[in-house]
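> take this sequence and fold it.
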Amino acid sequence: MLGEQALKPHPFQHRYRPRTGLFSEYTRFQYPHRKRALEPHPFQHLYRQRTGLSEVYTRFQHQYREWALEPHLFQHRYQQRSGLCAEYLDSNTSTTGSLCLPITATCSSKSLAMSQLDPLSDLEAMRYYYGLWSNPVLVARTGKDTWQPPTGPEAYFQPKELRPVGNHIIKDIWPDTLAFQIHDILNSNSVKWTSTDVVRIGFIGTLGAPVCIWVGVIPNTLSRMDGLTVAQQCRQLLVANGIHDVEVEIRESVVTRYVGPKLEMPAPPSDPTAELVEPLTSTLGSFISNVKTPNIVGTGGFYVSDSESNLYLVTARHVVLKVEEVENKTYLYKPNGQPRVNIALFGNDGFDTFVQQIQKAISDQRMIIELEESRIKYALEGGDSGGHKIGVGQAVRMLEGAKRHVQEAKDALVALTKLEKEVVNGWRDMKDRIIGHLYFAPPIQLRAGDYKYTQDYALIKIDPSKLDAKNFTGNMIDLGTKIPSYEFQELMFPHPENRHRFKYPANRLMKVQGIISDNEISNPTMLDENGDPCLFVMKRGYTTGLTLGRANNIHSFVRNYFDNGATQTSREWPICPYNKRLAPFSSQGDSGAAIVDCQGRIGGLLTGGGGGTDSTDITYATPISFIMDSLKNNKLNVTIEASLTA
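Numbering: from 1, shown residues only. Coordinates of the predicted model:
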């Protein structure tokens, strides 16, 4: 059929080249009559299914429409590329006929992998689901419709939405039969699928939407070509079951169980959100509340773990079990249908206060920006309209400083606004703030043990979905940003003859390890600025945050009065404020906080305080040795060297 006349490249070869990558073969097939136009190729619809590029093919035609390209011109190339032409060769279809060539399960993944034809473009993969919340990536889909990006000066993507299926024949066979058959196909092809849904996906604002089987796969585990093979197999299964109006779409998707957000990692010291994000981290001093009594908020003390890597948070019993409402007896959780006592971060008012603190920080940054921009204007104008002038050198320095402050405030504003959004969206619901459940709590006793200490502690078993090896810092206390590092260092090391050394951690997180012995509580080895024995301690609590104090080496006794007229006296480990400027050491809401010395050793658990008014002059704590002995006596073998394995 081909003549001897030499032919030049096809007039739209350059269009075809970047779309399919087959131009090297295409240039071999030149036409004997330059004045004849090409009609649509007889298996052009195959390209629609395989590449979605038929609209390009049909767009460029010669001005003479008398002669159509015969199929054999590059049919053998298509056969080599996709392995799909065996049926075509046997069909003896005419050049003007309509070719219907199904992609069957006989197409091996190997032959598909050899193909350089991409079933869909990168743009289609990224924008096909435009409008859906997560904007998933399309891997493959069946159907003969061609996806086209918007064109024109005011072109925009039309958003899609998910809709329920409603009445459709598929609902009768999907849950008991069809779904499992689909799963068999996915499994036989080694597809790492995460979900199979039956949904309608349509454009927002339009009536009706097609039904599709929506398969989710782990990202980057299924190629587009292999995905197309799997999708076609699933589509053939639908047809075999008499369903002809449902297509199959595969997208990348990860299924997440909605247990609320994980705790955060502490922010670096330079981060403007460092102090605000601290309550959402695993550092010591978390703000906790019984879900059923959200008006009572206390503080998480320190972590312990057992031999099975279960993690527990130690706090005061009266924080998690309201004294007036719960019988004062031993509580031990048993997984036999017993309802859990869930413990959450914050209470209702506590969360609202936390959000308000973030909002205030945002407002402060906006005020800084406004002030510094006025300074920039003042510097540029060399003074103000009132006759106050400044020199060039002063103006330059003022301008540079103001610009730097504006940029810092803008960066802080971005970070704080992001934090506010994450907190409000991720933590507002109490169920999302649940970090674990009460596991053990002995009865409150005011004269417990040989030394007649106050027994008031409880163990909270931490939910591993909230805290795992990736975001668990261990027993660490965040030193915060309110006290400058150099001042903190001086406060913790006030006398040059002290043998201990305190070094402010570069990341602001002081590791807590070891315990203060009873002997050292009574006979401290540190010296204060006057050379007197003194144990310097700190705590982080719900109400007063991070505070510094001086532990008294002489125990106090507290007398408790009851409604029936009875009284009882208990021994307490007393903590005084560091000084008047840094007072008080604690207040209501700080119960359950861990008392830690400047060497990172745990000394005890805060249980209360005393003072003439609502303020606290002196804080009381139960020594750590008593609590650890009590846990051991109750057959709870735990260690404060808490750790989690990955």
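
> what helices or strands is the top helix by length along the chain leaning on?
What stands out as the longest helix in the chain, according to DSSP state H, is helix 392-427. Judged by 3 or more Cβ pairs under 8 Å, 6 or more residues apart in numbering; DSSP states H and E, the packing partners of helix 392-427 are helix 274-277, helix 348-381. All C-beta atoms are positioned from the backbone trio N, CA, C, and that covers glycine.

> packing partners of the shortest one?
The contact analysis (3+ Cβ pairs under 8 Å, 6+ apart) places helix 274-277 against helix 348-381, helix 392-427.

> which residues does the closest residue to Glu278 other than its chain neighbours bridge with?
Counting by Cβ to Cβ, 6 or more residues apart in numbering, Glu278 lies nearest to Asp478, which is 5.0 Å off, once chain neighbours are set aside. When assigned by DSSP bridges, Asp478 has beta-bridge partners Leu509.

> buried sites along the longest helix of the chain?
Using 16 or more other Cβ atoms under 10 Å as the test for burial, helix 392-427 gives 395, 398-399, 402, 405-406, 409, 412-413, 415-416, 419-420, 422-423, 427.

> quick one, it and helix 348-381 angle?
Relative orientation of helix 392-427 and helix 348-381, computed by axes from the mean of the first three to the mean of the last three Cα atoms, to 10 degrees: 160 degrees.

> quick check: mean pLDDT of helix 392-427?
Here helix 392-427 scores 90 as its mean pLDDT.

> immediately after it, which helix or strand?
Next helix or strand after helix 392-427 toward the C-terminus (DSSP states H and E): strand 434-441.

> what mean pLDDT does that next one get?
Averaged over strand 434-441, pLDDT sits at 94.

> which helices and strands does that strand pack with?
If you count contacts as 3+ Cβ pairs under 8 Å, 6+ apart, strand 434-441 packs onto strand 311-315, helix 317-320, strand 331-332, strand 342-345, strand 458-462.

> show me how the chain divides into domains.
Domain assignment for the chain by automatic domain parsing gives 13-101, 122-252, 274-437, 441-633.

> and the longest one, how far apart are its ends?
Distance between the two ends of domain 441-633: 13 Å, counting by Cα to Cα, to the nearest Å.

> equivalent analysis for stretch 155-165, please.
Counting by Cα to Cα, you get 30 Å between the two ends of stretch 155-165.

> for stretch 296-311, same thing?
Start and end residues of stretch 296-311 are separated by 23 Å (Cα to Cα).

> now swap in stretch 139-152 and tell me
Distance across stretch 139-152, first residue to last, is 27 Å (Cα to Cα).

> out of the helices and strands packed on helix 392-427, nearest to Lys580?
With Cβ to Cβ, the closest approach to Lys580 among these belongs to helix 274-277: 23.2 Å.

> now do the buried residues in stretch 637-646.
For stretch 637-646, the neighbour count (16+ other Cβ under 10 Å) marks 638, 640, 642, 644 as buried.

> give me the contact list for it.
The contact list for stretch 637-646 (Cβ atoms under 8 Å, 6 or more residues apart in numbering) reads 302-307, 309, 311-312, 467-470, 472, 474-475, 512-515, 602, 624, 628, 631.

> quick check: Arg540 touching Leu284?
Yes - if you go by Cβ atoms under 8 Å, Arg540 and Leu284 touch, sitting 5.9 Å apart.

> between those two, what contacts are shared?
Residues touching both Arg540 and Leu284 (Cβ under 8 Å, 6+ apart): 477-478, 593.

> could you find the closest non-adjacent residue to Ala412?
The shortest distance from Ala412 to any non-neighbouring residue, by Cβ to Cβ, 6+ apart, is to Pro272 (3.6 Å).

> check for me that that neighbour belongs to a helix.
No - assigned with DSSP: H, G, I helix; E, B strand; the rest coil, Pro272 falls outside any helix and is coil.

> phi first, then psi, for it.
Dihedral pair for Pro272: phi -70, psi -10, per degrees, to the nearest 10.

> count of neighbours near Val198?
19 (other Cβ atoms under 10 Å).

> ok, now Glu520?
Neighbour number of Glu520 under other Cβ under 10 Å is 18.

> pretty sure it contacts Leu535?
Yes - counting by Cβ under 8 Å, Glu520 touches Leu535, with 7.2 Å between them.
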